[in-house]
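K.L.:
Got a predicted model here, sequence first, then my questions.
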Amino acid sequence: MTLTFLERRPVIAIAGLACETSTFSPARTDAPAFHPRRGPEVIAEYPFLNASTALGSAAEWHGALIGHALPGGMVIRDAFEELASEILQRLEVILRKGPLDGLWFDIHGAMRVEGIDDVEAELLQRVRSVIGPDVIVSASMDLHGNVSKNLVHQTDLITCYRMAPHEDELETKERACQNLVDILKRGPGRAVRPFKAWVPVPILLPGEQTSTRIEPAKSLYGLIPGVTKVPGVLDAAIWVGYAWADEPRNHAVVVVTGWDAQPVSENAERLAHYFWDCHEEFKFVAPTGSLMECIDIALASPSRPFFISDSGDNPTAGGAGDVTWSLRRILSRPEFQNPSGPVVIYASIPGPGAIDRIVQAGVDAVVTVTAGAEVDHVHAGPVTLTGRVHAIKGGDRDAVVEAVLKVGSVFVILTKLRKPYHHEKDFTELKLSPRSADIVFVKIGYLEPELFDMAADWRLALTPGGVDQDLPRLGHQRIHRPMWPFDRTFPQAPDLHAHLIAPSNEPLLS
């Protein structure tokens, strides 16, 4: 007996590629960097889709392919084509087994591929060519992603994180899936599509000025739960956008989704106006300064450990991770040249050749190695280090091999491939104790939760690199102007009227 749509569990596929991509970094991202997951591996990535959970049992979930790369440089075109083609092939296999009702599009939103603008919309357009126009698509994104009108037009449900740092990542992805299941319970195809109100906002700020830990972002994002409780509204989302790429789609966006056009549009505009009204109030999440100013403050402070963000080369924002500009200056400080000086940890600098030499020499050996600037040599050349090998560790997902070289009083972490250092175990597994260090340098922007809780005090050093916090000096050419903070005066107030897309996915109001 054939079950009707409402009698059977909906069938939902999962696909997506994610890579936060700086167009100001000379680095390139290849296919293996996405660590692709296929079929059952996809389902296993998300604990909320376990068959024992209510959501996992509410639908028949099929993994096509997902790939999440560490943020970095431009994605090589052939790499994208390879992965995108496999997604389409795997969706075709799923479709051959029976009808497909929904698709969860798991993306970041700030990926840049050689020769393709708005690549997430391009990927979804290709996916639509396989799954057809009637499959309901729910997208989940990073709030630092970019939402073009084309992308929101092709999705039916779209949401993003509400916290920066992204402590609600899994919660957001679960919400995207739950919304999709709930909407499919209403019936098949186009008949159940909600309204979407899209409002572009001419603001493009780095995450370090829009953290939800502080005002005004804290209050801005604090409005979202109230909006979602408005009758006729299903979801509300605010994107800050991605500041380190130069594309026309790079700017802030508000999207509200729901069943009643009027509250959907009105609340989208209300959020957009609140965002714009406080645009001059966004400040850095921590006190800032030049690298040397931050070091001087740290040395004079009694607070320990004192963290300093080497923000311009942050690999979790898209930096190459091998800029040596800061490390060179740290090692030149006379305070750190004596082995008994202040205990300093520096995380980190890639050097494949240096790692090979260190591994060959072994722990406690004194070696001279050269590292860094193999990818980004615009800001400084390679750095040569002579020191004692403190620790060696293999098997890391990102770094592959890590080593610690003590140079003077500085414990320099070297890696075979770049790696972000966000967790205490990242240090302790290398026989380092960040809690008892005097100063800890990390290539990061705002401190991730574990580091933030650990730091007695911290500063954000405004250092150069592919994700420079001083946005105007990067040289954007393709973003829409005027745009805050690139432009400090606007000839007229921005147009913050909602672009409403009707349930048919045809533009209702442009």
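P.N.:
Thanks, I have it.
K.L.:
mean confidence for the top helix by length along the chain?
P.N.:
Secondary structure of the chain per DSSP state H: the longest helix is helix 77-96. Taken as a whole, helix 77-96 has an average pLDDT of 98.
K.L.:
Kindly report the same for stretch 321-330.
P.N.:
Summarised as a single mean, pLDDT over stretch 321-330 is 97.
K.L.:
which residues are contacting that stretch?
P.N.:
For stretch 321-330, the surrounding residues in contact (Cβ atoms under 8 Å, 6 or more residues apart in numbering) are 27, 291-292, 295, 310, 312-313, 315, 336, 344, 346, 348-351, 371-376, 379-383, 410, 412, 418-419, 441, 443, 461, 463-466. For every residue, glycine as well, the C-beta is placed using N, CA and C.
K.L.:
Same question for stretch 216-224.
P.N.:
The set of residues that contact stretch 216-224 without belonging to it, under Cβ under 8 Å, 6+ apart, is 162-164, 210-212, 236-238, 240, 270-271, 274-275, 278, 281-282.
K.L.:
any idea which element Val254 lies in?
P.N.:
Counting by DSSP states H and E, the element that carries Val254 is strand 252-258.
K.L.:
buried set for the helix or strand that that strand is followed by?
P.N.:
Where DSSP H and E defines the elements, the next helix or strand beyond strand 252-258 is helix 261-277. Judged by neighbour count (16 or more other Cβ atoms under 10 Å), helix 261-277 contains these buried residues: 261, 263-273, 275-276.
K.L.:
With stretch 126-138 instead?
P.N.:
By neighbour count, with 16+ other Cβ under 10 Å as the criterion, the buried positions of stretch 126-138 are Val127, Val130, Ile131, Val135, Ile136, Val137, Ser138.
K.L.:
which ones among these are found in helices?
P.N.:
When these are checked against helices using DSSP H, the ones located there are Val127, Val130, Ile131.
K.L.:
The last one reaches Ala13, doesn't it?
P.N.:
Yes - under the criterion of Cβ atoms under 8 Å, Ile131 lies in contact with Ala13, with a separation of 7.4 Å.
K.L.:
anything in contact with each of those two?
P.N.:
By the contact definition Cβ under 8 Å, 6+ apart, Ile131 and Ala13 are jointly contacted by Leu91, Leu100, Leu103.
K.L.:
out of those residues, which one sits closest to Asp453?
P.N.:
Closest approach to Asp453 among the shared contacts of Ile131 and Ala13 (Cβ to Cβ): Leu103, at 37.7 Å.
K.L.:
okay, now the domains of the chain?
P.N.:
Domain segmentation of the chain under automatic domain parsing yields 10-283+496-509, 288-468.
K.L.:
picking up where we left off before, which pair in the buried residues of stretch 126-138 spans the largest distance?
P.N.:
Val130 and Ser138 (17.0 Å).
K.L.:
for the longest strand anywhere in the chain, packing partners?
P.N.:
For the chain, the strand that runs over the most residues, judged by DSSP state E, is strand 383-396. Strand 383-396 sits against helix 325-332, helix 352-361, strand 366-371, strand 400-407, strand 410-415, with contacts defined as 3 or more Cβ pairs under 8 Å, 6 or more residues apart in numbering; DSSP states H and E.
K.L.:
taking these together, which one is wrapped up most tightly?
P.N.:
Highest mean neighbour count among these (mean count of other Cβ atoms under 10 Å): strand 410-415, with a mean of 26.
K.L.:
In the helix or strand just after that one, which residues are buried?
P.N.:
If you walk from strand 410-415 toward the C-terminus, the next helix or strand you reach (DSSP H and E) is helix 424-428. The neighbour-count criterion (16+ other Cβ under 10 Å) identifies Glu424, Asp426, Phe427 as the buried residues of helix 424-428.
K.L.:
Dump stretch 234-254 to CSV, restricted to CA.
P.N.:
Extracted in CSV, the C-alpha atoms of stretch 234-254 (Å, rounded to 0.1, in the frame of the first residue of the first chain):
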residue,chain,number,x,y,z
LEU,A,234,8.4,31.7,12.0
ASP,A,235,12.1,32.8,12.2
ALA,A,236,14.3,35.9,12.3
ALA,A,237,17.9,36.3,11.5
ILE,A,238,20.6,39.0,11.3
TRP,A,239,23.8,38.6,9.3
VAL,A,240,26.7,40.9,10.1
GLY,A,241,28.3,39.8,6.8
TYR,A,242,31.9,38.9,6.1
ALA,A,243,34.3,41.8,6.2
TRP,A,244,37.4,40.3,4.6
ALA,A,245,36.1,39.5,1.2
ASP,A,246,35.5,42.0,-1.6
GLU,A,247,32.2,41.1,-3.4
PRO,A,248,29.0,43.1,-4.0
ARG,A,249,27.1,40.8,-1.6
ASN,A,250,29.3,41.6,1.4
HIS,A,251,27.1,43.6,3.8
ALA,A,252,24.8,43.2,6.7
VAL,A,253,21.3,41.6,6.1
VAL,A,254,18.1,41.0,8.0
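K.L.:
So that it lines up with my notes, have the first residue be 16 from now on.
P.N.:
In the new numbering, first residue 16, that becomes stretch 249-269.
K.L.:
what about it, distance to the chain center?
P.N.:
Averaging C-alpha positions (Cα atoms, centre = their mean, to the nearest Å) puts stretch 249-269 12 Å from its chain's average.
K.L.:
Show me where this protein dips below the pLDDT cut-off.
P.N.:
16-22, 203-206, 519-525 (pLDDT under 70).
K.L.:
Try it again at 50.
P.N.:
Under the criterion pLDDT under 50, the flagged ranges of the chain are 16-17, 521-525.
K.L.:
Helices along the stretch 16-165 of the chain, start to end?
P.N.:
With helices called from DSSP state H, counting those that start in this stretch, the stretch 16-165 of the chain shows them at 55-59, 69-73, 92-111, 134-146, 164-169.
K.L.:
Quick one: list the elements packing against the second one.
P.N.:
In terms of contact count using 3+ Cβ pairs under 8 Å, 6+ apart, helix 69-73 is assigned the packing partners helix 184-199.
K.L.:
following the helix it packs on, which helix or strand comes up?
P.N.:
As assigned by DSSP H and E, the chain's next helix or strand after helix 184-199 is strand 210-216.
K.L.:
for that following strand, packing partners?
P.N.:
When contacts are defined as 3+ Cβ pairs under 8 Å, 6+ apart, strand 210-216 sits against helix 164-169, strand 267-273, helix 276-292, strand 514-516.
K.L.:
can these go into a markdown table with extra columns for distance to Pro302?
P.N.:
As requested, the helices and strands packed on strand 210-216 are arranged in a markdown table below (distance: least, Cβ to Cβ, whole Å):
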| stretch | distance to Pro302 |
| --- | --- |
| helix 164-169 | 36 |
| strand 267-273 | 25 |
| helix 276-292 | 25 |
| strand 514-516 | 39 |
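K.L.:
what about those, which gets the closest to Arg24?
P.N.:
Counting by Cβ to Cβ, Arg24 lies closest to strand 267-273 out of the helices and strands packed on strand 210-216; the figure is 23.5 Å.
K.L.:
tell me how far the closest one is from the chain's mean position?
P.N.:
19 Å.
K.L.:
Can you give me the buried ones in it?
P.N.:
Within strand 267-273, the residues that count as buried by 16+ other Cβ under 10 Å are Ala267, Val268, Val269, Val270, Val271, Thr272, Gly273.
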